[in-house]
Structure formats: structure tokens, C-alpha cells
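A.B. asks: Need coordinates for the below:
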Amino acid sequence: MITKCVAPAILRRLMVVSILIIPCGSRSGAQSAGTEQAAIRAALTKWTDDFNAGNAKEVCGLFAPDLRYDYKGFPERSYQEICDGLHRSLTDQTRRYNYSLAIKETIVSSDLAAVRLTWTLRIDKPDAPPQISQEHGIDIFRKQSDGTWKIIRFIAYDEPG
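C.D. replies: Just a heads-up that it's a prediction; the model follows:
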């Protein structure tokens, strides 16, 4: 008789413990994803600040060496090609470039993340009205061995107009 009463009591305790443990694990996963999202946001913000400050030494730091990217109307490009273009823009004395960023969504799964975003680029030239364009895109990040997040792929397209 005693074993019949003990078994349900133990099962009830196990159920209570499992109910308490499951939300904790979920919360931990959510906190981890939130931490990773914050790290990615910080990397994008740092890149924006570096670019806008003309810090040519740092602007390629957001991209992994195996980067591949597609921009509407252009051939697929690599890390070196984007870095060369960024350096040309930052050393162009005839124009001033300024980016702003709007992150729409960040999804993190293990060591990969996808970020939907919109970049707004303002180009100022002397004696000309500013040119403003928006580029919508998706950046794919991979967490590096040093814990940083870097873009390994991106697709961008300008706003129809």
C-alpha cells in the first residue's frame, strides 16, 4: 500500500520541479538571445559611428573575410571589394557621406543571426542639395571564435523611386 501512495507523490514532485525548471531554461535562452542581439546592435552602431567619423581603419571590422554580398544591379562582391569602396568613399574630398540605421528585426540562432534593416545614406556635396537614399537589406552574421559578430553575407536593394 505504501508504494502506491509514494509513487504518485514522487510523480507530483517531479512534475512541479519540471514545471519550475522549464521556464527558467526558456528565460535563460531568451536572455542569451537578447544578449546576442544587443552585441549585434552594438557592432552595427559602432560601424555607423566609425563610418560617419571617417574612421577608415575600422570600417571593415564589421565584415568577415569570407564576406559575399549582393546589391541590386551589381555583380556579387567580396570583402576586399567592399573595403576598397568604403575607403574610397571616406577619402573622397568632394563629398561627405553619412549613414543612419534602422533595425527592423534580429533573429539569433546559435552562432548565426539574420538582421533586417534599412540604411539611410546622405551625401553632401558643395553647392548641391543633399542626396538621400535608402537601402533595405538583410545581413547574415556569424559569431566569430573571439565572440564578436561579423557579417558573412548581405543582400541590399535601394528603395524604388
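A.B. asks: Please name the bridge partners of the residue nearest to Tyr71 when sequence neighbours are not counted.
C.D. replies: Distance criterion Cβ to Cβ, 6 or more residues apart in numbering; nearest residue to Tyr71, sequence neighbours excluded, is Ala156 at 5.0 Å. Any C-beta I mention is one placed from the backbone N, CA and C, and that applies to glycine too. When bridges are called by DSSP bridges, Ala156 pairs up with Tyr71, Gly137.
A.B. asks: Number of residues surrounding Ala156?
C.D. replies: 17 (other Cβ atoms under 10 Å).
A.B. asks: My guess is it contacts Ile140. True?
C.D. replies: No - assessed by Cβ atoms under 8 Å, Ala156 is found out of contact with Ile140, at 12.0 Å.
A.B. asks: Output the helix or strand containing Ser133 as PDB, nothing but the C-alphas.
C.D. replies: Following DSSP states H and E, one finds Ser133 within strand 131-143. Backbone C-alpha positions of strand 131-143 (Å, rounded to 0.1, in the frame of the first residue of the first chain) are rendered in PDB as follows:
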ATOM      1  CA  GLN A 131      21.200  63.300 -52.000                       C
ATOM      2  CA  ILE A 132      19.400  60.900 -49.700                       C
ATOM      3  CA  SER A 133      18.800  57.200 -50.500                       C
ATOM      4  CA  GLN A 134      17.500  54.200 -48.500                       C
ATOM      5  CA  GLU A 135      18.900  50.700 -48.800                       C
ATOM      6  CA  HIS A 136      16.800  47.900 -47.300                       C
ATOM      7  CA  GLY A 137      18.500  44.600 -46.700                       C
ATOM      8  CA  ILE A 138      19.300  41.500 -44.700                       C
ATOM      9  CA  ASP A 139      22.600  41.000 -43.100                       C
ATOM     10  CA  ILE A 140      23.700  37.500 -42.000                       C
ATOM     11  CA  PHE A 141      26.100  37.400 -39.100                       C
ATOM     12  CA  ARG A 142      28.200  34.600 -37.800                       C
ATOM     13  CA  LYS A 143      29.700  34.600 -34.300                       C
END
